[in-house]
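Colleague: need a 3D model of the following:
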Amino acid sequence: MPSGRPVIVTDSTAMLPAEQAVERGIVVVPLQVVIGATSYDEGADGATPELVAAALKEWTPVSTSRPTPAALLEVYERAAADGATSVVSIHLSGDMSGTFESAQVAAREASIPVVAIDSRQVGVATGYAALAAADVLDAGGSAEEAADAARARAAASSSLFYVDTLEYLRRGGRIGAAAALFGGALAVKPLLQIEDGRVATLEKVRTAAKALARLEELAVQAAGDQQVDLSVAHLASPDRAAHLVERLTERLADNLDGRAPWCGELGPVLGAHVGPGMLAVCIAPRL
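Modeller: I've put the predicted structure just below:
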């Protein structure tokens, strides 16, 4: 962590590659995944997407938990000891996890100023917000300016996703039981979005093929004529993800301006709530 300047902290659901986080000086705090009776940190040395997908397919109980205020306070104090002047702590939606609440509690106890931010997003969109904050700091901006950039980019980003079933979201309390029952009764393939920090139904489509084609169209619409970063995440659905990346790269060539999309497996904490077959697109305008 660089000394004499603010430090960016985020959580593992932001899906920042480890090498990128280190390069940008971003500290990543893991959430936990509980499979059966065993708790794992989210990450390469703990819970992996493959482990979670296998457990879900077998209907083994899978749950998640936030980092405690004490764990976040330890991160803030370590940053202070390394010479950080303040912390900008950027986390997934407070309606989806208690991580932001833990950050708020820890911030009150920290020995240096901490700006805790609820991104109102999940997944890569939170990661893009953290990177926007790092860009501001690298340009010599203040912690407050970095926090404003993170909020702005998160608010401008679109998180769209397809799930094979709403059952996993219903079990985790992330979507209403009525919506899950309605979808299941009609064999609907739902398209969802993050709207003000919550999972919201976007459209209901009859077949998976039509749903994925519609997901592509919605992503193109979200990009508009803006310069954007693009990511596609999946859980146990690499072929679908690769096809969608190929299609969107072709259709959004002008928007991407030579920047390669990111494509990879969804983090295990988020994957635990959406289930195998999930496909997500994030369109993040470059502000």
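Colleague: tell me which residues in stretch 160-169 are buried?
Modeller: Leu160, Phe161, Tyr162, Val163, Asp164, Thr165, Leu166, Tyr168, Leu169 (16 or more other CB atoms under 10 Å). (Each C-beta comes from the backbone N, C-alpha and C, glycine too.)
Colleague: quick one, phi/psi of the closest residue to Pro61 other than its chain neighbours?
Modeller: Closest residue in space to Pro61, ignoring its immediate chain neighbours: Gly36 at 6.2 Å, by CB to CB, 6 or more residues apart in numbering. Gly36 adopts backbone torsions of phi 60, psi -120, taken as degrees, to the nearest 10.
Colleague: measure Gly36 to Ala223 for me?
Modeller: 41 Å (CB to CB, to the nearest Å).
Colleague: more neighbours: the two, which one.
Modeller: Shown here are Gly36 and Ala223; by other CB atoms under 10 Å, Ala223 has more neighbours (22 against 10).
Colleague: just say helix, strand or coil for the residue lying closest to the more buried one once chain neighbours are set aside.
Modeller: Nearest residue to Ala223 in three dimensions, chain neighbours excluded: Asn255, at 4.7 Å (CB to CB, 6+ apart). Following DSSP: H, G, I helix; E, B strand; the rest coil, we place Asn255 in the helix state.
Colleague: quickly list the domain ranges of the chain.
Modeller: Annotated domains of the chain cover 7-31+66-155, 158-285 [automatic domain parsing].
Colleague: now do the same for the first one: mean pLDDT, whole number.
Modeller: Same thing as domain 7-31+66-155. Domain 7-31+66-155 comes out with an average pLDDT of 97.
Colleague: quick one: end-to-end distance for that domain.
Modeller: 21 Å (CA to CA, to the nearest Å).
Colleague: ok, now stretch 259-272?
Modeller: Across stretch 259-272, first to last residue, CA to CA, it's 30 Å.
Colleague: quick one: buried residues of it?
Modeller: Here stretch 259-272 shows Pro261, Trp262, Cys263, Glu265, Leu266, Gly267, Pro268, Val269, Leu270, Gly271, Ala272 as buried, counting by 16+ other CB under 10 Å.
Colleague: nearest to Thr99, of the buried residues of stretch 160-169?
Modeller: The shortest approach to Thr99 among the buried residues of stretch 160-169 belongs to Leu169, at 18.3 Å (CB to CB).
Colleague: what pLDDT is listed against the closest one?
Modeller: 80.
Colleague: one step back: just the buried residues of stretch 259-272: which are in helices?
Modeller: Under the assignment DSSP state H, the buried residues of stretch 259-272 contribute Pro268, Val269, Leu270, Gly271, Ala272 to helices.
Colleague: out of those residues, flag the one nearest to Ala241.
Modeller: For those, the nearest to Ala241 is Gly271 (13.0 Å; CB to CB).
Colleague: contacting residues around that closest one?
Modeller: Pro49, Val52, Ala53, Leu56, Leu235, Glu265, Met278 (CB atoms under 8 Å, 6 or more residues apart in numbering).
Colleague: about what we covered before: in strands, which of the buried residues of stretch 160-169 appear?
Modeller: Applying DSSP state E to these, the entries found in strands are Leu160, Phe161, Tyr162.
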